[in-house]
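1. here is the input, now give the coordinates:
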Amino acid sequence: MNLTLRQFQSNIITSTRKAMRSFRRVLIQAPTGAGKTVIATFIAASIVKKQKRLYFICHRQELITQTAKTFAKNGIAVSYIANGYRYNPMCKVQICSIDTLKNRYKNLPLPDLCIWDEAHHLGAAGWSRVMDHYDQAFHIGLSATPQRLDGKGLKQWFDEIIIEISVAELIKLGFLSDYRIFAPSKPNLEGVKMSMGDYNKTEIASIMDTAHLTGDIVKHWKTHALGMKTVVFAINVNHSKHIVAMFNASGIKAIHLDGDTPRAERKAACLAFAEGQYDVISNVALFGEGFDLSAQTDLDVTIECVVSARPTQSLSLWLQMCGRALRQKDYPAIILDHAGNVANHGLPCQDREWSLEGDPKQGKKKDEMEVPIKECPKCYAVHKPAPACPNCGHIYEVKPMEINHVDGELKELSKEEIQQQARNEQTSAGSLEELIKLGRQRKYKNAAKWAAHVYTSRLAKQRQRA
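-> The predicted structure is shown next:
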């Protein structure tokens, strides 16, 4: 096997093995770009060595082929349980499409281990039905965002969660790209109805799919991301095609893809995109999870810019969209948010407490974010609070406030020092009651729920290290 694990990946595998001595169902939370497929490959090699049977379960054609390529490069023979792919019942590793597996599982050999890619989808009936049928197997879930659209966690399906590294840490270590984010426009979604926990697509499409807004996307792309390989996330097919038409009318080569685009056409389009024949791919519900341009095309390329043209109440969907542009490169990715998502969900690298309990605030209006952001009125850059915009240098007006003067030398604190102080405060709050008190001091809207979320996650990490 040609794999060399990074230290944090090795730690994840060690913690997972330890957890599985006590639990049959373990969830691995690792950010987009942390190498979840690499981790799965290492586990698969161990399963094959033990002559056990593994089902790797995913839900998109692109993820099937990406996983198969990674396994094959490391000497792992695979078969498929997926329409249009060859099935060999003697093979120890089966790469499964959930759409196929949920219709055939009763007639297939029982696996010893199931690895669930994008495990946050387990709330879907077909997924749960398969997991329940394989109740004698071990189960490992993989997810960058381990909660459902409504904010509910995954404790119904998993007994333990492994959390090792954050987006901010991966950026600092150079394993993920840094980024610059701009929010040139924010749609007015007041009164938009909800459907299945998110905005009604028909209603938000009528708001977002206007010549003014699609033209605004092209205008700001030319300003901030001209020449960068770009993926646009649109609401529906018509919206996506209109965006593509606006790019093409401006002399920018763009193409539309969606889930109904034939597999061969999707593959050819991705290759043409990677080779520079297109600057922009606009997609609908296709590239949100796990998509890796380099793995798809066998070329050393990556997505450089993401345009969010789809408003969403889902933190998971927002982070998955941003994650497409954060694959490793030597320069910052560009994220253009035309949908108001950064104001609703925060920055991609923001510290977040993941747990099997989920986030009860998800899907509700966030009147006050736990980590505030600044938006520059001059260039529309969005960033952590600072006295001036790090993109254009615009100095924010500071309203004077009444203060009490004391003797002593003043020290200017950096953003990193301020963030570290906040982390130290949180660490020092050892009990649930102290966390609630801290939340109230910080004026969180629901200090008790925030404290319970932090405390539960802390206990999970302690069990993991025990």
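2. show me where the stretch 101-250 of the chain has strands.
-> According to DSSP state E, counting those that start in this stretch, the stretch 101-250 of the chain carries its strands in the segments 113-116, 138-143, 160-163, 179-182, 194-195, 198-199, 230-233.
3. please identify the most buried of these.
-> Highest mean neighbour count of the strands of the stretch 101-250 of the chain: strand 230-233, a mean of 27 (counted as mean count of other C-beta atoms under 10 Å). Glycine gets a C-beta too; all of them are placed from N, C-alpha and C.
4. including mean pLDDT, could the strands of the stretch 101-250 of the chain go into a markdown table?
-> Formatted as a markdown table, the strands of the stretch 101-250 of the chain follow (pLDDT from 0 to 100):
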| stretch | mean pLDDT |
| --- | --- |
| strand 113-116 | 98 |
| strand 138-143 | 97 |
| strand 160-163 | 96 |
| strand 179-182 | 95 |
| strand 194-195 | 88 |
| strand 198-199 | 90 |
| strand 230-233 | 96 |
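5. quick one: contacts for the most centrally placed residue in the chain?
-> By C-alpha atoms, centre = their mean, the chain has its centre lying nearest to Gln320, at 2.9 Å. Going by C-beta atoms under 8 Å, 6 or more residues apart in numbering, Gln320 touches 32, 144-145, 288-289.
6. can you put the strands of the stretch 101-250 of the chain in JSON lines and add distance to Arg129?
-> Shown next, in JSON lines, are these (distance: least, C-beta to C-beta, whole Å):
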{"stretch": "strand 113-116", "distance to Arg129": "13"}
{"stretch": "strand 138-143", "distance to Arg129": "14"}
{"stretch": "strand 160-163", "distance to Arg129": "23"}
{"stretch": "strand 179-182", "distance to Arg129": "39"}
{"stretch": "strand 194-195", "distance to Arg129": "24"}
{"stretch": "strand 198-199", "distance to Arg129": "23"}
{"stretch": "strand 230-233", "distance to Arg129": "30"}
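7. quick one: buried residues of the helix or strand containing Trp450?
-> Assigned by DSSP states H and E, Trp450 falls within helix 447-465. Burial within helix 447-465, assessed by neighbour count using 16 or more other C-beta atoms under 10 Å, is assigned to 447, 450-458, 460-461, 464.
8. that one - what's its average pLDDT?
-> Averaged over helix 447-465, pLDDT sits at 76.
9. and stretch 393-401, by the same measure?
-> 75.
10. could you report the neighbour count for Asn107?
-> Counted by other C-beta atoms under 10 Å, the residues lying close to Asn107 total 6.
11. residues contacting it?
-> So Asn107 contacts nothing (C-beta under 8 Å, 6+ apart).
12. quick one: residues contacting the residue lying closest to Leu299 once chain neighbours are set aside.
-> Nearest residue to Leu299, sequence neighbours excluded (C-beta to C-beta, 6 or more residues apart in numbering): Ala274, at 4.8 Å. Counting by C-beta under 8 Å, 6+ apart, Ala274 touches 229, 293-294, 296-297, 299, 301.
13. need the max-distance pair from those.
-> Using C-beta to C-beta, the contacts of Ala274 span at most 12.5 Å, a distance reached by Lys229 and Gln296.
14. low-confidence regions, this protein specifically.
-> Where the chain drops to pLDDT under 70, the residues are 1, 289-290, 360-371, 399-421, 442-445, 466.
15. so is the nearest residue to Ala144 once chain neighbours are set aside in a helix, a strand, or just coil?
-> Closest residue in space to Ala144, ignoring its immediate chain neighbours: Thr32 at 4.7 Å, by C-beta to C-beta, 6+ apart. What DSSP: H, G, I helix; E, B strand; the rest coil gives for Thr32 is coil.
16. what's the answer for Ile303, then?
-> Going by three-state DSSP: Ile303 is coil.
17. from Leu173, how far off is it?
-> 20 Å (C-beta to C-beta, to the nearest Å).
18. so what's the gap between the helix or strand harbouring the residue nearest to the centre of the chain and the chain middle?
-> Assigned by DSSP H and E, Gln320 belongs to helix 315-323. How far helix 315-323 lies from its chain's middle: 4 Å, per C-alpha atoms, centre = their mean, to the nearest Å.
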